Each structure stands twice: as structure tokens, then as C-alpha cells.
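A.B. asks: no sequence for this one, just the structure:
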């Protein structure tokens, strides 16, 4: 949480109420990411009020959403880790629905309905990112940016080093779990309007989302990127060659066609090497687990 004074108390009390009714042992981790608006004081009061189940971890200054998530993952002691924002957007009553799906699935994401994904520009952007990520992973992704999700703690620890310090850890973990061959499920939920002001900046963070999507695919299945690029270059080379023949009425291979054809071969070979490196890295990672 970062400057979430409007919702932090209500959210944590609701989480405790839900967890008490689940019949499992639990603790609540609250990562205070350098808040300066009174959030820290509320957390100090809640530590004694919540019967010792609340553990507060403080960053001395604001490190970012992803850095806070990494702190929580490393500090978690349970077998199942549920992550959610403290801005009032996520309903703690949905926690049991996520928790009960962990076991058959390694990652369970609370997929917001289309109407509760924000205003129309953000909904449109989310749909575009989800369509692109679904194509690149070969898996239908229903909500790429939902921060409300449950993991097997042991598995998500293996991906901590991939998470960005800022936004967007949901994009990274979703794609990393899919491409690493772990099971992923989506549970439909209704999200509320967040309290306070959003920290997401559409233009800046939109570019970051695209970068993360590309990074995850290149890390786990490079040919999904390199092969289409090589094919497009080769088709452009053929088109250049045909256009030159038609335009000049003689057999002539233009420099542009040669350049594009050679580039296509190089890109394809780089993709093949990257694919082998990715397979080796995944194999070594699975042995460690």
C-alpha cells in the first residue's frame, strides 16, 4: 500500500473477518511502501487491534508496486499466498473463492468483469493487451492486470527475480506461470471503484505493459516473436523482388530484397538460439524445484 489512508483500515478489517471464517491458519502481511498520508499511523493502531495476525513491513521510501509485492512474497510463510490491493477495489469476500482453487491450479486470478475494469479507455487498453498476450502465450487470458490473485508460494518465489519494481507484476506473473507450464485459472469477480487516486499512468504504464509482454514471451517462447518477424521480412523480400521484375520487365534482384532475405534468415536463427536458451533455462529451473 502507498498512501491508501481512505481504504486501508476497512480493507484489513474485512480481510481478517473473511480469514477468520475460513477455518485455516493465516497471517496478514501489510507492506507499507513509504506512505506519507497517515496510512502508517492507521497500521500502527491495527497491529495491536488485530490480535497479532497482522504483520507490517515498512519500506523507508516509495519503491513501487512491484517492489512491495516482492517484499510480500519473500516474507510469506504460508503455502498459499493471496495478493490484493489496499485501495478498496478488491472485495475480501472473494478470497475463499480464489483459495479453494489453489491446488488443482498453481495460480488463480480474480478476473474483473468488463464493466468493472475502469473507464472505457482503460477497458479498451486492457482488452488489447489481453488479446495480444493470449496470442503470444496460446492461452486465453481473461484479466492480465488484476492484482487480486492467489499462488502456491513455493512456485511464485521462483519468479520473484522477473518482477519489475513498478508496474505491472500481474502481467509478469500471469505470463511467466503460463509459459513455464504451470496451471492457471480465472475466477470472475466484481470490482469496486478504488478509493483515492490511481497511481497508474496510462501512457507511461501502457508502454511498460507492452514491454513486459514482449519480455515474458522472449524469455519463455522466443519463436512466438522471432518467427513472425522473420516470415514478414521474407515476404517483404519476395514482394520487393516481384515488384522489381514487374516494374523493370527484366530479371533483377534488388538490394532491398537481398537485405530483407538475409535479415529474415538472421532473425530466424537468432530465434532458434533464443528458443534453445529458453528451454535450457526452464529445464534447469524445474530441476531446482
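C.D. replies: Looks like it came in fine. Please read these numbers as outputs of a predicted model, since none were measured by experiment. Numbering: from 1, shown residues only.
A.B. asks: In contact with the most centrally placed residue in the chain, which residues?
C.D. replies: Closest residue to the average C-alpha location of the chain: residue 171 at 1.8 Å, with CA atoms, centre = their mean. Shown in contact with residue 171 (CB atoms under 8 Å, 6 or more residues apart in numbering): 129, 133, 144, 145, 209, 212, 213, 216. The way it works is simple: take the backbone N, C-alpha and C, and place the C-beta from them, glycine included.
A.B. asks: do the same with residue 67
C.D. replies: Contacts of residue 67 by CB under 8 Å, 6+ apart are 33, 59, 165, 166.
A.B. asks: Check residue 270 too.
C.D. replies: Taking CB under 8 Å, 6+ apart, one finds residue 226 in contact with residue 270.
A.B. asks: Assumed it was part of a helix.
C.D. replies: Yes - under DSSP: H, G, I helix; E, B strand; the rest coil, residue 270 falls within a helix.
A.B. asks: Give the helix, strand or coil label for residue 144.
C.D. replies: Three-state call for residue 144 (three-state DSSP): coil.
A.B. asks: what about it, neighbour count?
C.D. replies: Neighbour count for residue 144, taken as other CB atoms under 10 Å: 24.
A.B. asks: In space, what's closest to it - neighbours in sequence excluded?
C.D. replies: Nearest residue to residue 144, sequence neighbours excluded (CB to CB, 6 or more residues apart in numbering): residue 130, at 4.8 Å.
A.B. asks: For residue 64, see how far away the nearest residue to the residue nearest to the centre of the chain once chain neighbours are set aside is.
C.D. replies: Excluding its sequence neighbours, the residue lying closest to residue 171 (CB to CB, 6+ apart) is residue 212, at 4.8 Å. Shown here: residue 212 relative to residue 64, a distance of 14 Å by CB to CB, to the nearest Å.
A.B. asks: next one: residue 153
C.D. replies: Noted for residue 153: a distance of 21 Å to residue 64, by CB to CB.
A.B. asks: Let me know the helix or strand that the residue nearest to residue 171 is in.
C.D. replies: Assigned by DSSP states H and E, residue 212 belongs to helix 202-220.
A.B. asks: so where's this protein uncertain?
C.D. replies: In the predicted model, the chain carries pLDDT under 70 at residues 115-121, 194-206, 209, 281-289.
A.B. asks: I'd say residue 18 and residue 98 touch.
C.D. replies: No - in this structure, residue 18 is not within contact of residue 98 by CB atoms under 8 Å, at 11.0 Å.
A.B. asks: These two: who's more crowded?
C.D. replies: Neighbours were counted for residue 18 and for residue 98 using other CB under 10 Å; residue 98 has more, 24 against 17.
A.B. asks: Just want the phi and psi numbers for the more buried one.
C.D. replies: phi -70, psi -50 (degrees, to the nearest 10).
A.B. asks: How much space separates the closest residue in space to it that isn't next to it in sequence from residue 163?
C.D. replies: Excluding its sequence neighbours, the residue lying closest to residue 98 (CB to CB, 6+ apart) is residue 150, at 4.0 Å. Look at residue 150 and residue 163: by CB to CB, they are 16 Å apart.
A.B. asks: Looking at the two, which is more packed in?
C.D. replies: residue 150 (26 against 22).
A.B. asks: Would you double-check that the more buried one falls in a strand?
C.D. replies: Yes - using three-state DSSP, the secondary structure at residue 150 is a strand.
A.B. asks: Which residues does it form beta bridges with?
C.D. replies: Under DSSP bridges, the beta-bridge partners of residue 150 are residue 82, residue 108.
A.B. asks: What strand or helix carries the residue nearest to residue 144?
C.D. replies: Using DSSP H and E, the element containing residue 130 is helix 120-137.
A.B. asks: Name the residues of that helix that come out as buried.
C.D. replies: Buried residues in helix 120-137, defined by neighbour count with 16 or more other CB atoms under 10 Å: 125, 126, 129, 130, 132, 133, 136, 137.
A.B. asks: Then stretch 242-259?
C.D. replies: For stretch 242-259, using 16+ other CB under 10 Å, the buried residues are 244, 254, 257.
A.B. asks: where's the second one relative to residue 268, distance?
C.D. replies: Yep, that's residue 254 we're talking about. According to CB to CB, residue 254 stands 21 Å off from residue 268.
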